[in-house]
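1. Build me a model from this:
(2 chains)
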Amino acid sequence: MRVSVESRASKQAKKVALWLTTFMLMLVMCLPGLWVVLSAFRPNREILAKPPVWIPEDLSLINFGKIFGFGAEQVGIPVGSYFTNSLIIALTSTVIALIIGVAGGYAFARYRFPFKGGLFLGLMLFRAVPGIALSLPVFMMWSKLGLVDTKMGLIIVYVSLNVPFTIWLIDGFFRQIPLSLSEAAQVDGCNPWQAFWKIEFPLARSGIASAGVFAFLTSWNEFALASQLTRSTDSKTLPVGLLDFTAQFTIDWAGMCALAVIIIIPALILTFIVQKHLIAGLTFGGVKG
Amino acid sequence: MAEITLEKVVKKYGATGVVHGIDLAIADREFVVLVGPSGCGKSTTLRMIAGLEDITGGLVRIGGKVVNDLPPRSRNISMVFQNYALYPHMNVRDNLGFGLKIAREPPAEIAKRVTEAAEMLGLTPLLDRTPAELSGGQRQRVAMGRAIVRNPEVFLFDEPLSNLDAKLRGQMRAEIKKLHQKVPTTVVYVTHDQVEAMTLADRIVVMRDGHIEQVGTPMQVFNHPQTAFVATFIGSPPMNLLASTIVGDAVRLADGSTVPVPDRLRGFVRDGMSVQLGIRPDDISPLGHGLSQDGPGAELNLTVELAEPLGMESLIYTRIAGQEVQAKLYGPRIVAPGEKLTFRLALDRAHLFDAATGKSVRAD
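-> Have a look, this model is predicted:
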């Protein structure tokens, strides 16, 4: 009896310890994000106050007003252009990366061709190169080609960054779909193209959606390469735009945080929408389980 | 009309041959079962008929037309896959109607034919479920429904029952047989299960290592196996094969004991020929416990090594001339290991195979 009480107590203690650890870890992970969001609604003086003001006293939308040019105070930062640039660049590069990813992933999953293993490994190795290491060679090439400070320049860079990953992810999803489904569709009267679009594509949709979210977020949030390859409102993206809040002697933390929140929101919305389609296990049941 | 003919059909993957030039003629509305151990080329042959595998050599004709280069969709066939291959993102109704939709049949026609097929197979209450919500037997039925709804000239079945448990397999076997009676169509059915082959087939094609060993009705294949391989493959438990030599009018077994050459096979053997004496367990029985006690036979005193009682009969493991054989005892009698019994070999039903070629000495 005593033994069981003791063991129950120690179980309880373990549980509490586990929860505490989880809480601490979550706190470490979430606090910076939370601080950014909170700071976006606070005036600069409260952000910079020493000792820090933990509980916000003065919450307002003034920082956002400044960014978008409403209200008395204004910052001279063309957020609208940055936002448009970011959206165009991220969406276009995602769509292209997905098209190549679906075609490439399907080829790797379904066909045999020479050097297949080597090619696949090469794609993976490409992922191992840090993007920033490519920035100088890319900059030199782009400047010769006249692609510096153009949307097209960034789009090409992001497509090539994302394609290995989208191919790898989508390949895995196509592999999970039994070949007999496509064969059954072809016996049922489909040509290979129809069999792909009517059977295999819908079944890999969740994988394609995940690849799309990852590709979009990579392009949307990328800073290092964009800061090298963009110059003006023609091509500057939102993450690069954050730098505009730093002046020689001052940093407008409040404005920067407000812009950061503006960057986060579309990413959150997109992830939320696509999440509905990330229904795993769709392929189960059609074949023997 | 959809007879299928295979002429010298060859399949190779690179240098590896899988099917080595087989010839086969399947009549319109015939139910043909391709049977053989795994790797014998039966599924590959079926997939070549379906158009899912390229044909390396030879000709495949369906309804007189060479289909070698036609894609599956142009062959007017339907196929039931081993893993059912139902479309997981569609409900049963859409699975059944998919082929008709692709063929751009009017919606009213699709609905009518799906309803008919669903009724025939007892799927009506399941029409709005997805495959994940069905049991194994129900999925199997949907797969068959998808095949019949298009009214094809040829049905192809690729081991359709191998994923079901024994009881369900028996039920579905009967349903397939009934279905063929209701919808008489040419059927090619692949299985490794000789019970399915025996019960379903009009004709059985026994395959081994990419060759056809024998083609015939189930009873022909069972009663007159042309090779030792067919003899051991068809029939359960398998036929016993005893290494022996022909000495005059007798078959001398390994230990020197002899039994007379069966009358039916006299004149087909030479003196000194090495043979295998084939005899089914049903034809080796303790005296008074066999199927038939008349006709020529040989009596041997044997010791029971192991007995497996099966209710109304027992399977007995014993040795003839040092070689393990299985025998059958009919009747609810308990047999103990070590018991000595007199067994009768029904020699009129025995077979002799040339030890060198494995072929029956009497080809009929």
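2. Residue numbers of chain B in contact with chain A?
-> Taking Cβ under 8 Å from any Cβ of the partner chain as the criterion, chain B approaches chain A at residues B:50-52, B:71-73, B:77-79, B:81-89, B:98-99, B:102-103, B:130-134, B:136, B:139, B:146, B:150, B:163. All C-beta spots, glycine's among them, are computed from the backbone N, C-alpha and C.
3. could you redo the last one with a cut-off of 7 Å?
-> Those residues of chain B that sit near chain A, judged by Cβ under 7 Å from any Cβ of the partner chain, are B:50, B:52, B:71-73, B:77-79, B:81, B:83-89, B:98-99, B:102-103, B:130-132, B:163.
4. which ones among the residues you listed are found in helices?
-> With DSSP state H as the criterion, helices contain B:50, B:98-99, B:102 from among the residues of chain B next to chain A.
5. out of the residues of chain B next to chain A, which are buried?
-> Judged by neighbour count, with 16 or more other Cβ atoms under 10 Å in any protein chain shown as the criterion, the buried members of the residues of chain B next to chain A are B:50, B:52, B:72-73, B:77-79, B:81, B:83-89, B:98-99, B:102, B:130-132, B:163.
6. Endpoints of stretch B:148-156, how far apart?
-> Between the opening and closing residues of stretch B:148-156 we find a distance of 11 Å, counting by Cα to Cα, to the nearest Å.
7. Likewise for stretch B:99-106?
-> With Cα to Cα, one end of stretch B:99-106 sits 12 Å from the other.
8. Kindly report the same for stretch B:314-327.
-> The first and last residues of stretch B:314-327 sit 8 Å apart, counting by Cα to Cα.
9. Would you confirm that residue B:316 belongs to a helix?
-> No: judged by DSSP: H, G, I helix; E, B strand; the rest coil, residue B:316 forms no part of a helix; its state is strand.
10. and it, how many neighbours?
-> When counting by other Cβ atoms under 10 Å in any protein chain shown, one arrives at 27 neighbours for residue B:316.
11. separation between it and chain A?
-> 38 Å (Cβ to the nearest Cβ, to the nearest Å).
12. Could you measure from the nearest residue to that residue once chain neighbours are set aside over to residue B:237?
-> The shortest distance from residue B:316 to any non-neighbouring residue, by Cβ to Cβ, 6 or more residues apart in numbering or on different chains, is to residue B:327 (4.5 Å). In this structure, residue B:327 and residue B:237 are separated by 10 Å, where distance is defined by Cβ to Cβ, to the nearest Å.
13. Where does the prediction get shaky in the stretch 51-200 of chain A?
-> Low-confidence regions of the stretch 51-200 of chain A, defined here as pLDDT under 70, cover residues A:71-75.
14. Show me where it has its strands.
-> Per DSSP state E, counting those that start in this stretch, the stretch 51-200 of chain A carries no strands over any range.
15. Ok, the stretch 201-350 of chain B next?
-> B:203-208, B:211-216, B:240-247, B:250-253, B:258-260, B:274-279, B:284-286, B:297-303, B:306-309, B:313-320, B:323-330, B:340-346.
16. Which of the residues of chain B next to chain A fall in strands?
-> Using DSSP state E, B:77-79 are the members of these that sit in strands.
17. out of those residues, which one sits closest to chain A?
-> Taking Cβ to the nearest Cβ as the measure, residue B:79 is the one of these closest to chain A, at 4.7 Å.
18. give me the beta-bridge partners of the closest one?
-> According to DSSP bridges, the partner residues bridging residue B:79 are residue B:156.
19. Quick check: it touching residue B:159?
-> No: the pair residue B:79 and residue B:159 does not pass the contact test of Cβ atoms under 7 Å, sitting 11.6 Å apart.
20. What residue in the stretch 251-364 of chain B comes nearest to chain A?
-> Ranking the residues of the stretch 251-364 of chain B by distance to chain A (Cβ to the nearest Cβ) places residue B:310 first, at 30.2 Å.
21. related to what we said a few turns ago, hey, what's in contact with both of residue B:327 and residue B:237?
-> Contact criterion Cβ atoms under 7 Å, 6 or more residues apart in numbering or on different chains; residues bridging residue B:327 and residue B:237 by contacting each: residue B:281.
22. Which one's more surrounded, the two?
-> residue B:327 (30 against 15).
23. From residue A:162, how far off is the residue nearest the centre of chain A?
-> Nearest residue to the geometric centre of chain A (Cα atoms, centre = their mean): residue A:217, 1.8 Å. From residue A:217 over to residue A:162 the distance is 10 Å, taken as Cβ to Cβ.
24. same deal with residue B:145?
-> According to Cβ to Cβ, residue B:145 and residue A:162 sit 43 Å apart.
25. what does the domain assignment say about chain A?
-> Domain ranges of chain A: A:2-63, A:79-275, per automatic domain parsing.
26. what would those look like in CSV with distance to chain B?
-> Rendered in CSV, the data for those read as follows (distance: least, Cβ to the nearest Cβ, whole Å):
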stretch, distance to chain B
domain A:2-63, 34
domain A:79-275, 4
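27. okay, those domains, which one's buried deepest?
-> Per-residue neighbour counts averaged over each of the domains of chain A give the maximum for domain A:79-275, namely a mean of 18 (mean count of other Cβ atoms under 10 Å in any protein chain shown).
28. where does that one sit relative to the chain's centre, distance-wise?
-> Centroid separation between domain A:79-275 and its chain, computed with Cα atoms, centre = their mean, to the nearest Å, is 8 Å.
29. now the end-to-end length of it.
-> The distance separating the two terminal residues of domain A:79-275, taken as Cα to Cα, comes to 28 Å.
30. ok, back up a step: quick one: residues contacting the residue nearest to residue B:316.
-> Neighbours of residue B:327 in contact, by Cβ under 7 Å, 6+ apart: B:281, B:284-285, B:316, B:318, B:343.
31. which helix in chain B runs the most residues?
-> Under DSSP H, the helix in chain B containing the largest number of residues is helix B:166-182.
32. Parallel or antiparallel, which strands does the next helix-or-strand element following it pair with?
-> Using DSSP states H and E, the helix or strand that follows helix B:166-182 towards the C-terminus is strand B:186-191. Strands flanking strand B:186-191 in the sheet, each with its direction: strand B:31-35 (parallel), strand B:154-158 (parallel) (DSSP bridges).
33. tell me what the longest helix that chain A contains is packed against?
-> Longest among the helix segments of chain A by residue count, using DSSP H, is helix A:2-39. Counting contacts by 3 or more Cβ pairs under 7 Å, 6 or more residues apart in numbering or on different chains; DSSP states H and E, helix A:2-39 is packed against helix A:253-275.
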